[in-house]
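A.B. asks: After the sequence you'll find the predicted model.
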Amino acid sequence: MGIVWTIVLGFVIGVIAKLIHPGKENMGFIVTVLLGIGGSFLAGAVGQFFGWYRAGEGAGFIASVIMAILLLVIYGKVRGGSS
């Protein structure tokens with residue numbers, strides 16, 4: 001059940017990040033889920049580095065969305081899209 005929950009949250013975080021970020025990135029369902037999961041992972045890693053989270057704790061929802069937006073901006077720059 002943990003993997004299903006990760007996919008659902010990753011999708012929600014990815015969709016919110018795509019709604020907040022200006023521009024249009026043509027991403028499918030799987031890439032949107034990976035964007036959200038990547039944002040959560042990156043938020044957890046940065047939070048552990050700064051001491052906001054301990055190992056094993058999940059990152060906050062808002063921090064995950066912010067990191068997913070950051071990944072979306074980087075994706076747009078690398079791809080050469082509109083950002």
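C.D. replies: Done, it's in.

A.B. asks: buried sites along stretch 14-34?
C.D. replies: For stretch 14-34, a neighbour-count test (16 or more other CB atoms under 10 Å) marks 14-18, 21, 25, 32-34 as buried. Yep, even glycine has a C-beta here, placed from its N, CA and C like the rest.

A.B. asks: measure that stretch end to end?
C.D. replies: Start and end residues of stretch 14-34 are separated by 8 Å (CA to CA, to the nearest Å).

A.B. asks: How far does that stretch sit from its chain's centre?
C.D. replies: How far stretch 14-34 lies from its chain's middle: 9 Å, per CA atoms, centre = their mean, to the nearest Å.

A.B. asks: I'd like to know which of the buried residues of stretch 14-34 are part of helices.
C.D. replies: Among the buried residues of stretch 14-34, the members found in helices (DSSP state H) are 14-18, 32-34.

A.B. asks: Near residue 49, how many other residues are there?
C.D. replies: Per other CB atoms under 10 Å, the neighbour tally for residue 49 reads 9.

A.B. asks: mind listing what residue 9 touches?
C.D. replies: By CB atoms under 8 Å, 6 or more residues apart in numbering, residue 9 lies in contact with 36, 40, 64.

A.B. asks: go on, residue 20?
C.D. replies: Taking CB under 8 Å, 6+ apart as the test, what residue 20 contacts is 65, 69.

A.B. asks: can I assume residue 15 is in contact with residue 32?
C.D. replies: Yes: when contacts are counted by CB atoms under 8 Å, residue 15 is listed as touching residue 32 (6.3 Å).

A.B. asks: what is in contact with these two at once?
C.D. replies: Counting by CB under 8 Å, 6+ apart, no residue touches both residue 15 and residue 32.

A.B. asks: and for the helix or strand where residue 30 lies, what are the contacting residues?
C.D. replies: Using DSSP states H and E, residue 30 falls within helix 29-50. Defining contact as CB under 8 Å, 6+ apart, one finds that helix 29-50 is touched by 6-7, 9-15, 17-18, 27, 53-55, 57-60, 63-72, 75.
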